[in-house]
Every structure is written in C-alpha cells, then in structure tokens.
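Trainee: Give me coordinates for this.
(2 chains)
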There are 2 protein chains.
Amino acid sequence: MSAMDAVPQTIEDLVAVIPAGGVGSRLWPLSTPDRPKFLLDLRDTGSSMLQDTVERLAPLTSAMLVVTGQRYADAVRAQLPSLPSSQLLAELSPRNSMAAIGLAAAVIEQRRGTAVIGSFAADHVIGEPEAFRDAVRAAVEVARVGKVVTIGIEPTEPSTAYGYIRQGEPLADHEGAYDAAAFTEKPEADTAARMIAQGDHVWNAGMFVSRTDVLLGHLARLQPTLHAGLREIAAAWDTDERDAVVERVWSTLTSIAIDHAIAEPVAAEGGMAVVPASFDWHDVGDFASLASLLTPNADGVVTVRRSAPVTTVDAARAMVVGGSVPVAIVGLDDVVVVHTEEALLVLGRDAAQQVTRASGTLPG
Amino acid sequence: MSAMDAVPQTIEDLVAVIPAGGVGSRLWPLSTPDRPKFLLDLRDTGSSMLQDTVERLAPLTSAMLVVTGQRYADAVRAQLPSLPSSQLLAELSPRNSMAAIGLAAAVIEQRRGTAVIGSFAADHVIGEPEAFRDAVRAAVEVARVGKVVTIGIEPTEPSTAYGYIRQGEPLADHEGAYDAAAFTEKPEADTAARMIAQGDHVWNAGMFVSRTDVLLGHLARLQPTLHAGLREIAAAWDTDERDAVVERVWSTLTSIAIDHAIAEPVAAEGGMAVVPASFDWHDVGDFASLASLLTPNADGVVTVRRSAPVTTVDAARAMVVGGSVPVAIVGLDDVVVVHTEEALLVLGRDAAQQVTRASGTLPG
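Mentor: Numbers count the residues shown, from 1 in each chain, chains lettered A, B, ... in the order given. The predicted structure follows:
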C-alpha cells in the first residue's frame, strides 16, 4: 500500500446526516429520556455512540448534519465540540425519522443545492468501519443515478429484532447492488427463519443514501403536506424567521418513519436499491444485545463501567453494568444487573425486550 | 382475667443465658462479621433480634447473662443500655456453644451458688412469646429434679435446616415432658420425611434448661479439661485476675457444641428431657426463611428496610432488602435483592443456603 492510498478518499458531493433521537428505553436505566442511548458510552470504550458515528463517517466527508431534539442540543455540542453550529439541527420535538431526514435534505438543498445524503443512526455499533465506508461509497454511486439506496446487512441469524429487505435483481451497471424488492418489518420467528433459508434477505440497518432531489421528489409525491412543511422550515432555517416558522409549522408535520414514507412505497415502484454488506453491525437495542458484544472475564462475567468485584456462585453468564459496590450473584443464570445512581435493574437476559415496561414506572 | 393474673410470674431461681455469637453468613451482606445477625433488626420491627430476645425473657427473670465476643461487646452494650455490666460476659474469641454456656453456668455458681439456667439463642424469632415462656416454665420444673431439658418445636414441615430430637417415654411426674431419646443433626430430605411421618420427633431449637450443678457435673465427667478451664476462669472472673487467667486458659478450651458435649451423650444415658411446644419459631437462617416471615405487598413483593419503589415485570415473589434507589426486577421469579452500602447481592431464592459461598469473597 502506498502512502497515497492511505489518504482517506472523501466524497465531494456527500453529506452525512446523523439522526440522533431514540432514547433506547430497553437500555433503561443506563439510558433515560435525559440520557439517551446515542449519548452513552455503552461499551465502555471512552467514546459515545454518537462520537463513534461521527468518527466513522469523518473519512468520507466533513459535511455532516446531526439532527437531534432541542433538549439534547447542549449535550451533543459538548460531545462534538468541533461540529460547527450550523451542522446541528435541533428539532422542536420528535416527529419521527422522515421529518428528521427530510429536514436535513431540505436544509442541504437550500444551502448548497442538490447533493447526495447518507443517513446513519447515531446509536449503532459497527465493528469494521472501513468495510462500512466501502459500502457507503458503493451506495453513493447507485444514488447518483437516481435510486434511493439502502445498505443491507447480511444476516448471521434469523433475528426477530430487525426488519428485513428482500434483494431483487442485480442492477445492470452497479456490481454488488440490487433492486430492493420489498421491506419487511421485524418478523415473527418462523418468518425470520424462512427468510434466512431463502437466502435473499438482508437486515434493514436504517441506512439510506439518496440524492436530495430524488428523496424530496418522492416525498413531495407521497407525503406532500410533510414535504411542503419541511421546505417552508428549511427556507427559513438560516434566517431570523426560523423560530417563528418552526413554532408555527413543526407541530403540523406528519410523524412517520422513512421506511413507511419512502422505502416501502418506492420499493414497490422499483425505485429502491440495496447494497448488501457483511460488516459487523449491531443496533444494541437491549442488554442481551449489549452482552453479546462484550468479552466475558475469566469467570464468564461481562462487566461494563465498573471496577468493583463481581462474584458468582452457581450463576452462569452474568452481566453487571455500573455501580460502585461489590456485587454477588448466587443461583441465577443469565442475570443482568444494571446499577445507576437513579435505579437498579435486575433482569433475566431472555426478558431483555421487556425492560421498556419497567422504564416508565420508575425515575431514572 | 384478674389484675393479679396479669402480673408476670418471674422464676426466682432462673438465670437466662443468651449466647450471642453467630454471624449469620447466609444473610450476607445484611449480616457481616462486623454486623452479626443478632444485632440486626431483620424484620424491620424497630428492635434487633438480641433486643427481642431480652424482651421475651424479661417477664421470666431479670437475671440474665449475655455471652458475646469481645468485638461485639460495645454494640451489645449500646443495644442493651440497662443491662448491668456484670451481666455481659465478653469472650476473648469464639470457642463454640459449650464454652459460652459452660462459662455462664460456672460464673453463676461462683456468684450465687446453684441456680437453674435457661440458654436461648439471641437470633431466633418467636411469634408467641407467652407460649414460649410457658414452655420455659415447664422446662424449669423438670430441670429442678436433675434433668437437662430442651424445648423442642413441633415441626410443621420436614425441614432439612434444623436438627431433630426423638421423644421417648413421658416423664412420670411432669405432664407434657418426655425423655429425650436421641438428638439428630440436620437430616437429609428422606430422613426428615421419615421422622415427620413417625410423629415422634421435634425440632432442636437449641434451647437448654438445666441446674448449673447438673450441667457442670455432666461437663466434669464428659469434658473434664473444658470443665476445669471454665471453673478456673469463673473463679477469676469477678477479680483482678480475670484478664490474666483468660489470657492463659481461654485458648486451651475445647471448641465443641453443647449438642455434642452434653445433649447427645446425656440423652444416651437417659439424662435428657424434652418439653415439646408448638409456638411459632424461626431461626431465620437465610433469606428464603426471612422472606417466609414477611407479608408481601399488593404486587406480591416483600420489602425490608426500604421506602423507594420496587417494580416487577414478569417477576413473581420478589424480595428486596435495603437500598435507597428504585429497583426494577424483570423476567425473573423468586429473586432476592439485598442492597447495602458495602455490597449488592442478587440471589435466586432456592439458592439461599449458598450465600455463604459469596459472603467470604467480597467486602461487606
């Protein structure tokens, strides 16, 4: 490899959009409405998921927009001190992913005309960033010719925690890219098993790459009211009128996920493409998922953010997160203990998806 | 009931002996070597088990000796401020129950001549104190004629957590008292079931009532060295020589339980009697036992020493002890959570007896 090859190849016309919104309520009490998942250093690496996301995208482009809620704006600025203030879009209130990504697209068009945007969640873990960036580069190529492109993850198991994308025919001029034939929401176990057996489905990682004019064109056609509202806000965004327009228009915007607003209907029309990729990807949606990412110690115990000892007696596969006092787990397999200043969670790993039901009932 | 009947009937020649020694390591981290079980208010009643024991015995006699370790002497004094200092015997180091009770008997003989002593552990829960005192009164009657008497608890289940006493023939002149034919240590489950089926066994609650001369006579015959050492210490106890004699003799004393030193061999000789009783009695040896003593709240949760909320999701029969932050238990039945300033224990109730294995490995 020559020195020349080592220079990161940025993509001139790419703007990275980072929607940073989800609380991650299945990770309570680590995550709370005041301390959402994307601000957390879940894996104890020294950087938050948002910071990791920015770092992963930086070799592709310095043009980034972080879209977050006003309540998180200060925390995002603190974690990303070198992000210019114009690159932080603070939403008045959560209006789902279509409003967040659509606002970013409209503001970008307003500021610089047509560009390619790639939208990547702020709270995913990607183990092989260069493979991720290669997939983004491939997706950008396809997006330039007018497709809305998603990066799909080659599944490693019949997970019921993710949505799926069915790969159709290969695209003629883009090796490794396919027609995205259909989007499926999180399936039941038997459906997931069937899709894996068929071999033509990939996980929907929520990564969308598109020309702004293509995305906004679909939006104008499929969600005209939402499109009009976003255009109006974008026109005022860099002016003194921003607050007044946002105040008037924001709450009228349709709250809809980009999957429903764009991906599903456009796939049915033949306008979506998928670039399958096999890099290591996790959305770390719950503590079972987090446990699977971490390396157990010699006792088979996974610990995060703690230095005090953990002792187990007849207790396999324990996970202890946080807390400053010694912990003993006796006679219980697959236990997750999460200890913050505000709350203590004791969880059976198989019930990791049920944590949401506890998160709302207690402070923290 | 007349006013006269309500006056407690004290027993002139009875001295109550309260050995206060066991740490209660299965109740870690509530109990620790620095905070043994008998000093704890386990049931959140406002008084410790030691205080409850003294209060339960007070209507029988004001003559009491508390035998504890030197390391606990200050804490015992603090909990029992009205106990005269002469009634606290502080042991140099633990030498098992025979040394503790034998020392008390020898000191009593030295101070006042022959008396009847009744020895009752400082860390048991008794739900019907008047029925307990009736049993003690009956036992004292039998002890006066020269038997070593134990109070046996009518079993309510084939517990493997307690030793058993086999009742022999009724005593001729003492209704309700029986020859104690044999003492059995904690049995296996099938043995316990067989003893319960036979109907002639009671639980050994470690309550012994005897004339001092009878007890010390058996000891002189069966454990002559231990007896001689205790007599030597007792002779010096209330003199300036106490510390010097204790320093020289104490560590030479045989460490043996009263069950092995006296109860088993004397039962074989026909010298032990048992007074069966059916009052509510618990030794509260572990968290499963403690849980069974307490009343669940409307959610089926038992809490002790805490006011912060407990939320359960798919988690039956939870128990939470201590701790100031809210606790959520998700997807685990029969969990016990014990939270102190020094440690956090997460326990499957069925493994309650395994807690000892964790208690030594961690601080607290």
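Trainee: Now the residue in the stretch 201-350 of chain A that chain B sits nearest to: closest residue in space that isn't a chain neighbour?
Mentor: Distances between the stretch 201-350 of chain A and chain B by CB to the nearest CB are smallest at residue A:331, namely 2.3 Å. No exception for glycine: its C-beta is placed from N, CA and C like everyone else's. With CB to CB, 6 or more residues apart in numbering or on different chains as the criterion, residue A:331 has its nearest non-adjacent residue at 2.3 Å, and that residue is residue B:351.
Trainee: so when I look at that neighbour, I'm seeing a helix, right?
Mentor: Yes. Checked against DSSP: H, G, I helix; E, B strand; the rest coil, residue B:351 lies within a helix.
Trainee: just how off-centre is stretch A:182-196 within its chain?
Mentor: Stretch A:182-196 sits 20 Å away from the centroid of its parent chain (CA atoms, centre = their mean, to the nearest Å).
Trainee: Rounded mean pLDDT for it, please.
Mentor: Averaging pLDDT along stretch A:182-196 gives 95.
Trainee: same check, this time on stretch A:110-117
Mentor: 98.
Trainee: Identify all contacting residues around it.
Mentor: Where contact means CB atoms under 8 Å, 6 or more residues apart in numbering or on different chains, the residues beyond stretch A:110-117 that reach it are A:11, A:13-17, A:63, A:101, A:104-105, A:108-109, A:140, A:143-144, A:209-213, A:215, A:234-235, A:237-238.
Trainee: Is there a neighbour count for residue A:219? I'd like the number.
Mentor: Residues lying near residue A:219 (other CB atoms under 10 Å in any protein chain shown) number 23.
Trainee: ok, now the one 10 residues further on?
Mentor: By the criterion of other CB under 10 Å, residue A:229 has 24 neighbours.
Trainee: what do you get for residue A:156?
Mentor: As a measure of burial, residue A:156 has 11 neighbours, counting by other CB under 10 Å.
Trainee: and the gap between it and residue A:200?
Mentor: 16 Å (CB to CB, to the nearest Å).
Trainee: Enumerate the residues of the stretch 1-150 of chain A near chain B.
Mentor: A:28-29 (CB under 8 Å from any CB of the partner chain).
Trainee: So, low pLDDT: which residues of the stretch 1-150 of chain A?
Mentor: In the predicted model of the stretch 1-150 of chain A, residues A:1-8 satisfy pLDDT under 70.
Trainee: OK, contacts around the residue nearest the centre of chain A?
Mentor: The C-alpha lying nearest the average C-alpha coordinate of chain A belongs to residue A:121 (CA atoms, centre = their mean; 2.3 Å). Going by CB under 8 Å, 6+ apart, residue A:121 touches A:18-19, A:22, A:38, A:53, A:205-207, A:283.
Trainee: can I get the residues you listed in TSV with neighbour count, distance to residue A:82 and secondary structure?
Mentor: Converted to TSV, the contacts of residue A:121 look like this (neighbours: other CB atoms under 10 Å in any protein chain shown; distance: CB to CB, whole Å; DSSP: H, G, I helix; E, B strand; the rest coil):
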residue	neighbour count	distance to residue A:82	secondary structure
A:18	29	14	strand
A:19	26	20	strand
A:22	18	24	coil
A:38	29	18	helix
A:53	25	14	helix
A:205	24	27	strand
A:206	20	26	strand
A:207	22	24	strand
A:283	20	26	coil
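Trainee: pLDDT score assigned to residue A:221?
Mentor: 98.
Trainee: Could you report the neighbour count for it?
Mentor: The tally of other residues near residue A:221 (other CB under 10 Å) stands at 12.
Trainee: Repeat that for residue A:197.
Mentor: Per other CB under 10 Å, the neighbour tally for residue A:197 reads 10.
Trainee: Distance check, it against residue A:158.
Mentor: In terms of CB to CB, residue A:197 sits 8 Å off from residue A:158.
Trainee: likewise residue A:227?
Mentor: For residue A:227, the distance to residue A:158 equals 37 Å [CB to CB].
Trainee: more crowded one of those two?
Mentor: Using other CB under 10 Å, the more surrounded residue of residue A:227 and residue A:158 is residue A:227, with 24 against 17.
Trainee: Just to check, that one is in contact with residue A:215?
Mentor: No. Using CB atoms under 8 Å, residue A:227 makes no contact with residue A:215, being 9.9 Å away.
Trainee: can you give me the strands in the stretch 201-350 of chain A?
Mentor: Listed in chain order, the strands of the stretch 201-350 of chain A (DSSP state E, counting those that start in this stretch) span A:201-211, A:272-277, A:281-282, A:302-304, A:310-313, A:319-321, A:327-330, A:335-339, A:344-348.
Trainee: could those go into JSON lines alongside mean pLDDT?
Mentor: Shown next, in JSON lines, are these (pLDDT from 0 to 100):
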{"stretch": "strand A:201-211", "mean pLDDT": "97"}
{"stretch": "strand A:272-277", "mean pLDDT": "98"}
{"stretch": "strand A:281-282", "mean pLDDT": "94"}
{"stretch": "strand A:302-304", "mean pLDDT": "94"}
{"stretch": "strand A:310-313", "mean pLDDT": "96"}
{"stretch": "strand A:319-321", "mean pLDDT": "97"}
{"stretch": "strand A:327-330", "mean pLDDT": "98"}
{"stretch": "strand A:335-339", "mean pLDDT": "97"}
{"stretch": "strand A:344-348", "mean pLDDT": "98"}
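Trainee: Nearest to residue B:68, out of these?
Mentor: Proximity to residue B:68 (CB to CB) singles out strand A:327-330 among the strands of the stretch 201-350 of chain A, at 27.3 Å.
Trainee: Between the strands of the stretch 201-350 of chain A, which one is closest to residue B:150.
Mentor: strand A:327-330 (33.4 Å).
Trainee: re earlier: dump the strands of the stretch 201-350 of chain A into JSON lines; add distance to residue A:49 as well.
Mentor: Shown next, in JSON lines, are the strands of the stretch 201-350 of chain A (distance: least, CB to CB, whole Å):
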{"stretch": "strand A:201-211", "distance to residue A:49": "14"}
{"stretch": "strand A:272-277", "distance to residue A:49": "19"}
{"stretch": "strand A:281-282", "distance to residue A:49": "11"}
{"stretch": "strand A:302-304", "distance to residue A:49": "13"}
{"stretch": "strand A:310-313", "distance to residue A:49": "24"}
{"stretch": "strand A:319-321", "distance to residue A:49": "15"}
{"stretch": "strand A:327-330", "distance to residue A:49": "25"}
{"stretch": "strand A:335-339", "distance to residue A:49": "17"}
{"stretch": "strand A:344-348", "distance to residue A:49": "20"}
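Trainee: now residue A:304, nearest residue through space, not along the chain?
Mentor: Ranked by CB to CB, 6+ apart and with sequence neighbours excluded, the top spatial neighbour of residue A:304 is residue A:321, at 4.5 Å.
Trainee: what does residue A:47 give?
Mentor: residue A:41 (6.1 Å).
Trainee: List the buried residues for stretch A:239-259?
Mentor: A:245-246, A:249-250, A:253-254, A:256-259 (16 or more other CB atoms under 10 Å in any protein chain shown).
Trainee: Alright, I will stop here.
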